[in-house]
Structures are given as C-alpha cells and as structure tokens.
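J.: Sequence and predicted structure, then a few things I'm wondering about:
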Amino acid sequence: MTGFIPLSSLWRFTPTDQARSKEGAAMATIDTENLAKGLQQVEACWQAYTSSQRLVEGLAGSDRSSAIETANRDFTRFQNQCQLFYAEVRKRAADADKLESDMARYPHYFQ
C-alpha cells in the first residue's frame, strides 16, 4: 500500500457552540470526514490482505510461498494501521477531554 495519509493529519478537534454537554458546557467535536478517512485506510489494508489471501488459493511451490509472504506482509500492514488508528483515536479523545475541562475552567479564554 502506498500513498497513505498520516493519521495525525486526519483529525481536527474544534470547540463549537453547537456541541454542548448535558450540563451546557461546550464540547470538542471530531471532524467525521477525517474519522472516515482513517477508517478507510484501515479498510484498504484489510482489502489488500483478503485479496492477497485469495491469490494463495490454487498456487503451489515457490509461487505459493511468495503469495503467502505477500499475504503475511499485508496482514502486518493491516495490524499496524489498526494500531495507529486506535492510538490516534485514544490520543484525540484524551485531547478532547482536556479541551473540555479547560473550556470549563477558563471560559473567558474560549469565548
């Protein structure tokens, strides 16, 4: 897989007046289009893996060994992409929690 977009560029948290908690405090929001892009990257890795797995079927000898190695590399890419995506989601969720607490603590700064 080539041409991946760094996950860190996929996220944007912004305080908005429309996003409010039950208590009425402003909340950070996630740009859902960017979230979808991150999920699409994970899906692309999964599709590459399943495609390479299908190529293994019906092969024999060195061709089969080569196809299995390719499938294993694709699966490793899928695992890595999942881990990166999950880590980025956790980081951004923590950032959003901190932003919300800062917005509650220092409302004059965010107005």
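T.: Perfect, I can see it now. Numbering: from 1, shown residues only.

J.: Distance check, Glu88 against Thr76.
T.: Per Cβ to Cβ, to the nearest Å, Glu88 is found 19 Å from Thr76. For glycine as for every other residue, the C-beta is placed from the backbone atoms N, C-alpha and C.

J.: now do Thr50
T.: In terms of Cβ to Cβ, Thr50 sits 14 Å off from Thr76.

J.: Quick one: mean pLDDT over whichever strand or helix holds Glu100.
T.: Secondary structure assigned from DSSP states H and E places Glu100 in helix 61-105. Regarding helix 61-105, the rounded mean pLDDT is 90.

J.: same thing with stretch 38-48?
T.: The average pLDDT for stretch 38-48 rounds to 93.

J.: then that stretch to CSV, C-alphas only?
T.: Taking Å, rounded to 0.1, in the frame of the first residue of the first chain, the C-alpha atoms of stretch 38-48 are listed here in CSV:
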residue,chain,number,x,y,z
GLY,A,38,-8.8,6.9,8.9
LEU,A,39,-11.3,4.1,8.8
GLN,A,40,-10.9,3.9,5.0
GLN,A,41,-7.2,3.4,5.4
VAL,A,42,-7.8,0.5,7.8
GLU,A,43,-10.4,-0.9,5.3
ALA,A,44,-7.9,-0.6,2.4
CYS,A,45,-5.3,-2.6,4.3
TRP,A,46,-7.9,-5.2,5.1
GLN,A,47,-9.0,-5.4,1.5
ALA,A,48,-5.4,-5.8,0.3
